[in-house]
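Participant: all I have is the shape, not the residue letters:
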């Protein structure tokens, strides 16, 4: 009897989004993984090109294997790619920036997040 273990795993869900900086001077379209168990959104460093984003804090990313990775925290605006307007539909998020991220963007699902994450924000 053969078992198909692949069928037992949850399917990954991606959504196409627009990402901008806080001043909406830069815009990038990308596909983001919706992670219902993530505690913070993560963006791959290369997705931000040469955007000049103020670092508002630091965060340690911990996976199930390997050593924790230190990441800068930035504020980004995100909206669905299908959105026709460039106004109030953007949601401001705090995002960890990591060159070692497996996906271009991992978005937390605010509806199913287990608990709020405490983040130390640095001030200028």
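Facilitator: Good, I have the coordinates. All of these numbers come straight from a predicted model, not from anything done at the bench. Residues are numbered from 1 along each chain as shown.
Participant: how many neighbouring residues does residue 19 have?
Facilitator: For residue 19, the neighbour count with other C-beta atoms under 10 Å is 25. Backbone N, C-alpha and C define where each C-beta goes, glycine included.
Participant: so it: helix, strand or coil?
Facilitator: Recorded secondary structure, residue 19: strand (DSSP: H, G, I helix; E, B strand; the rest coil).
Participant: now for it: which residues touch it?
Facilitator: 27-30, 43, 47, 76-78, 105 (C-beta atoms under 8 Å, 6 or more residues apart in numbering).
Participant: in TSV, list these along with distance to residue 55.
Facilitator: Converted to TSV, the contacts of residue 19 look like this (distance: C-beta to C-beta, whole Å):
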residue	distance to residue 55
27	21
28	19
29	24
30	21
43	13
47	16
76	13
77	17
78	18
105	18
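Participant: so which of these comes closest to residue 94?
Facilitator: residue 76 (8.2 Å; C-beta to C-beta).
Participant: quick one, grab the pLDDT at residue 104.
Facilitator: In this model, residue 104 is scored at 95, pLDDT.
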